[in-house]
Structure formats: C-alpha cells, structure tokens
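Peer 1: Output the structure for:
(chains A and B)
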Amino acid sequence: MIPFLDVVRRSFLQAAGDGFVGLSNYRTVLSNEAFRLAAGNTVRFIVVCLPLLLLLSLFLAVLVRKTVRFQRWVKTGFLLPMAIPAASVVIFFQMVFDEEGWLGQLVGLFGITGRDWLGEDSAFWVLVGCYIWKNLGYDMILWLAGLGAVPEEQYEAARVQGAGEWACFRYITLPQLKETVFVTGLLSFVNAFRVFREAYLLAGDYPHESIYMLQHLFNNWFVSLDIQKMTAAAVMLVILSGGILAAAERSCKTAE
Amino acid sequence: MEIHRLGLLLGKKFLNRLADGILLIMFLIMIFPLFMLAVNSFMGKQELLETCGAVLADSGGHVRIRFFPQYPTLRAYIRLLLDSPEYFTAFWNSMIQTAGVLFGQLFAAAPAAWAFAKFRFPGKRMLWLLYMLLMLLPFQVTMVSGYLVLNAADLMDTRAAVILPGIFSTLPVFILQKTFAGIPEEVIEAARIDGAGDFLIFFKIGIPLGMPGIFSILILGFLEYWNAIEQPMTYLKTESLQPLSLYLPQMIHTDAALAFAASIVTLLPAVLLFFCGQDNLEQGIAASGSSMRREID
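Peer 2: The predicted model follows:
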C-alpha cells in the first residue's frame, strides 16, 4: 500500500528532479493518442466479452444441471482450458489463424480466401473467442454454485401449481441469482485483463491496433521507463476500479 | 389426458437430448486445441513439414489438417527430453518460480484469511474492501509500484522479483477465508476451554480442517503461476532465468519440429494436477465467489 502512495506522489512530479507539476502528467496521458486507442479497445473488449461470457456460461450451467449422464465429463472439458498455459496454445493459434492456416483452409472450401486473421480487425474477435474459451468453465462453476443455492422446495411448490420450466427459471431462479451475477461479473472482469497473455504471445509488443490494450501500452511505457505517464495512468485506473467496485456493490444492494 | 402426458414426456426427453447434444458439441470445441496439439506432437519432422510447414517454416504451399498422424513417432519427445538443455533450464525456472510463490502464499495467506474469518478488529471492513480492490486491479497497474520497490531493494532481475510479489496475492485469502469461516465456532470454543491459545487453535484446528481450501489455493496458484507471463516479462531480463511461458513461444521460431511436443510437456504438469484435484479446484472457484459476496462482519 505504501508503494502505491509513492506512485500517487510521483504522478504529480516532473520526470527529472522533484519539481511539482500538478496535473500536467494527467493531461499528457489523457491527450496521448496511444492511451486513447488502448483505453477504447480495453473498454470495447470488456463491453463485448462480459455479457457474452456471462450469458453463455449461465446457459451452459443450466444445461449441465439438466444432464445427468455427462455432467462430470462436461465439467472436466470446460475447465480444462483453464489449466492450459497460454504459451502452449500459441502454436495452435498460429496454425489456425495464419494466412495459410487451418481456418483459411476451412473457409477456402466455401470459396472465401483466407486472410491473416491476426493482422486485421478480426484479431479482436480472435481474442474474444480466446477469452471465452478460457473462462467458460470458471464462470460455469460460479453459476452452478449460485444455482445450487436455490432451495429445491421452491421449484417443487411452483411445479405443483403448474409452472413450466421457463416460468420457474424466470420467477424463482433469476431473482435469486442477483448476487451471483455481481460476483461472476467481477471475477470475469478481473480475468478479462489476463487475455493480455495470449495477445502478447501471439502478436507481440505492437499487435494489430484493434487489440492494442492498456496492458500493451503500460508494457511499452515500462520498456521506455516512462514512469510519469505510468504513475498518472495507474492512479486513474485505481480510482476507476474503486468506482466500479463501489457502484457494482451499491447496485447489487439496491437490487435486493 | 394420457396422450397429453405422453407428449410432455416425449418433449422433455427431446429437450434433454438437445441439451446433451449442445453440451457435447461445446465439449468438443473446448478440448479441440489440446487434441490438435497432441496429434501434431506425435508427427515426425517430415510429416510436420508437410502439414504445418506453410505456416511454421514458410515452406510454401498449403497446410493440411490431419486428425491422426500417418507415421506416429515419439522422436520429438525424445529429442526434447534428451537433447534440449535450454528447455530444461526454462522448465526448472518455472518450477522454482511456481513452488516459491505457492510456498510463500501458504505462510502469507493462511494467517490473513484466519484473521478475517475468526477475529474482529477495528478497520476490518475497510481492509477487506481494500483487499477486494487489490484483487480487482490488473497486474499492469501495480507493476509501477512493484518495480519501484524491487528496484529500491535491488531485487530486479532475480527470481525473488517474480516470487515475492506473487506471495502476497489476494485471491488465496478470499478462498481460505471462506473455508475457515466454515469451521464451526463450537470446535474453537471447546479448544479454548481446554486451554489452547490462539496459535495452537490456528495450527491444530484451523490448518487441518482448512485442508480442502489449502489444496484449492495450491491448485489455482499453480495454474496461475505456471502460466505467469507479465511478471517475469517485466521483472526479469536475464535469458537464463526465463520461465517456460516466455521461452516456449521463442522456440516455435527456432525449432518448430519440437514446438508441439514442447507445448505438450509444458502443459502436462498443470493438466495432471488439474485431473488430480478437479474437485478441489471447483470448490476453490465456488469459494472465491461466495466469499466475495458475503458481507464481512
């Protein structure tokens, strides 16, 4: 914690010496084009991924509860990507998404020419897919825990009164999942920043601009030891995260 | 009436089939990358060049998708295990780094989690929120302060630079707090009446009863730090200290024939551990969720 206070102090200082420069570091960062691009991409990524992942994993969790036969297998298969290090799948992704790669061959069958999927706007969607692949199992387990906490008697009571599957889900399950939504969303948000690993290993320091994230930017600032910009940006991100946390907690409470 | 019921039953059966079908397809998609890695790792040099050369070695032509090697061989594995010392250095770097973090986490996270679960102290709620905030922050945000500290302590570019910050991760505290909070208060009361002090209670009751939670954090921690990329990338410069997660991607360019086998060997420790401890892992994930939603008092 104390190191962070030092960061706050430094964010107001000059690069050389100890001159106080007020908010000028913050102004530099905010007007920095790379920062705008990276922040925009990061926000876009989270806005696209979070709902997609949450809905898909909830849908699968509901299905998993219905199936009896493969439950164990399905869980294993879905959690497995979590255990696979990013470094190991890099070669697989290269084989798939290269201009001459497997995906190019596959779409070739339908008369579409393959492209360098990571060198264009499609890179963004590759990363989205990668994130979902990696986190689907994790979120599914969180949902399953939430779903399991709903008392079985409530369903039985509703069924006796003639409620269908959808009605049960809509009026019993969903209202009791509010807290789980909050937690799953929060953890998925944290994990969203980890796709940097795959992005970095696949595309390096300067990937296609559709996947140039804040993480890349921080990393490049770090390489050039641009401490001023980093500290100012870090302070802003901490304040933003704190704000999101507080807002999420409040909205969760008022919902109850 | 009977017919109606039969129709409902059939409809239900059909829905269940549909659910199974969807799950099966998703299952296949999820494990497809692992399957392809394994298949290609059993190919010989020549076959790899034929199927993947267009991408990995710029040999021109097209790649081919083959779901089974025509001439399966273990040669890539043998060459990797007997004849690539750099790979081994990186492998051990990863091991030391991961083991160091996990070992340290036990000593840091267990007492912290115990304090959150069993004691009341002033500022506890604030501290808990602070932990939550810390968990929320991506590595890149804490990277600067980490660097400033490590630099001042002259630890940059040493193994400790990766291990020390990892020890004080917050997720293990969340998971263990949940486990410890589940230990019934009566057990602790009974021990106290028998004259056990706080330390004795922690070691004789907290640790043994908290074992499932401890396994959970060890597995989650292993998966996380075996896969660590950001930390070694920023805090290590020396090539001979690099873990597998950084060395492996370079290998694809220098020795493509080995890259598939190397990828498999890299993921093997994590995947084996995953299969041994899947239940603990699931409990850990569920605990991380439920300990965050509960208001701490």
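Peer 1: Kindly report the residues of the stretch 151-297 of chain B close to chain A.
Peer 2: B:223, B:226-227, B:229-230, B:233-234, B:244-246, B:248-249, B:252, B:259-260, B:263-264, B:266-267, B:270-271, B:273-275, B:278, B:281-282, B:285-286, B:288-290, B:292-293 (C-beta under 8 Å from any C-beta of the partner chain). Bear in mind the C-beta positions are built from the backbone N, C-alpha and C, glycine included.
Peer 1: From what I see, A:L147 and A:T173 are in contact.
Peer 2: Yes - if you go by C-beta atoms under 8 Å, A:L147 and A:T173 touch, sitting 6.7 Å apart.
Peer 1: What values do phi and psi take at B:F67?
Peer 2: Main-chain torsions, B:F67, degrees, to the nearest 10: phi -90, psi -10.
Peer 1: Next, count neighbours for it.
Peer 2: Applying other C-beta atoms under 10 Å in any protein chain shown, we find 7 residues neighbouring B:F67.
Peer 1: returning to that earlier point: quick check on the residues of the stretch 151-297 of chain B next to chain A: which are buried?
Peer 2: B:223, B:226-227, B:229-230, B:233-234, B:244-246, B:248-249, B:252, B:259-260, B:263-264, B:266-267, B:270-271, B:273-274, B:278, B:281-282, B:285-286, B:288-290, B:292-293 (16 or more other C-beta atoms under 10 Å in any protein chain shown).
Peer 1: Quick one: residues contacting the residue lying closest to A:L58 once chain neighbours are set aside.
Peer 2: Spatial nearest neighbour of A:L58, chain neighbours left out: A:W143 (5.2 Å); criterion: C-beta to C-beta, 6 or more residues apart in numbering or on different chains. A:W143 makes contact with A:57-58, A:61-62, A:177, A:180, A:184, according to C-beta atoms under 8 Å, 6 or more residues apart in numbering or on different chains.
Peer 1: Compare those residues and tell me which is most surrounded.
Peer 2: A:T184 (28 neighbours).
Peer 1: Help me confirm that that residue is found in a helix?
Peer 2: Yes - A:T184 sits within a helix when classified using DSSP: H, G, I helix; E, B strand; the rest coil.
Peer 1: hang on, isn't it packed against A:L136?
Peer 2: No - counting by C-beta under 8 Å, A:T184 stays clear of A:L136, with 11.7 Å between them.
Peer 1: what touches both of those two?
Peer 2: Shared contacts of A:T184 and A:L136 (C-beta under 8 Å, 6+ apart): A:S57.
Peer 1: contacting residues for A:L54?
Peer 2: A:L54 touches A:139, A:181, A:184-185, A:188, counting by C-beta under 8 Å, 6+ apart.
Peer 1: C-terminal to the helix or strand hosting the residue nearest to A:L58, what's the next element?
Peer 2: Element membership for A:W143, per DSSP states H and E: helix A:122-148. Using DSSP H and E, the helix or strand that follows helix A:122-148 in sequence is helix A:152-160.
Peer 1: What average pLDDT does the helix or strand following that next one get?
Peer 2: Using DSSP H and E, the next helix or strand after helix A:152-160 towards the C-terminus is helix A:165-168. In this model, helix A:165-168 has a mean pLDDT of 81.
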